Structures are given as structure tokens and as C-alpha cells.
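[1] Sequence and predicted structure are below.
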Amino acid sequence: MKNSELKLIEQASLDWLKQNIQFIQAGEDIEVVTPLIGAYGDLVYCWIEKKRWLSNY
């Protein structure tokens, strides 16, 4: 595979992500909405949680 082909694939992948992934602020966390459909016909969501460190560490 040529380097130019790899660059085209990388760009197409990034374009797909930009068009199909949504980020939603949910309090201190971020909800990620995907175009994937789960077993029950619902959209698949995932969460990015803000890590809370204890001051003892």
C-alpha cells in the first residue's frame, strides 16, 4: 500500500468520525453518541468520566 493511499484512508476515517460521533456535556462527564445500534434497537452510548483523584495520593 502506498503512503498516499494510507493518508486517504486516515482522512476518510476521520471524516466518518466527525459526521457520525456526537459529544454531549452531561454534568461533569461527557456522553458519546455513536451511530451503532444495540441488541434492543437503541443507539449505543458511552461515557467519558472525569477522573476524581483523592488528595491522599
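    Okay, I see it. Residues are numbered from 1 along each chain as shown.
[2] Only C-alpha atoms from now on, for both contacts and neighbour counts.
    OK.
[3] what pLDDT does S55 get?
    Listed pLDDT for S55 reads 54.
[4] Any figure for the gap between E49 and Q25?
    11 Å (CA to CA, to the nearest Å).
[5] Can you say which helix or strand has K51 in it?
    Under DSSP states H and E, no helix or strand contains K51.
[6] go on, K7?
    Element membership of K7, judged by DSSP H and E, is helix 3-20.
[7] Now do that helix, average pLDDT.
    Helix 3-20 comes out at a mean pLDDT of 92.
[8] The lengthiest strand in the chain vs helix 3-20, what angle?
    Longest strand of the chain, by residue count under DSSP state E: strand 29-37. On the basis of axes from the mean of the first three to the mean of the last three CA atoms, to 10 degrees, strand 29-37 is oriented at 110 degrees to helix 3-20.
[9] Can you give the distance of whatever helix or strand comes next after strand 29-37 from its chain's centre?
    The first helix or strand that comes after strand 29-37 along the chain, using DSSP H and E, is strand 43-48. Between the centre of strand 43-48 and the centre of its chain there are 8 Å (CA atoms, centre = their mean, to the nearest Å).
[10] Can you check my assumption that I24 lies in a strand?
    Yes - if the criterion is DSSP: H, G, I helix; E, B strand; the rest coil, then I24 is within a strand.
[11] Nearest residue to it in space, please, no chain neighbours.
    Excluding its sequence neighbours, the residue lying closest to I24 (CA to CA, 6 or more residues apart in numbering) is E31, at 5.0 Å.
[12] That neighbour is in contact with I21, isn't it?
    No - look at E31 against I21 with CA atoms under 8 Å: they stay out of range, at 10.3 Å.
[13] For those two, indicate the residue with more neighbours.
    Higher neighbour count among E31 and I21: E31, with 16 against 13, using other CA atoms under 10 Å.
[14] OK, contacts around that one?
    Going by CA atoms under 8 Å, 6 or more residues apart in numbering, E31 touches F23, I24, Q25, Y45, C46, W47, I48.
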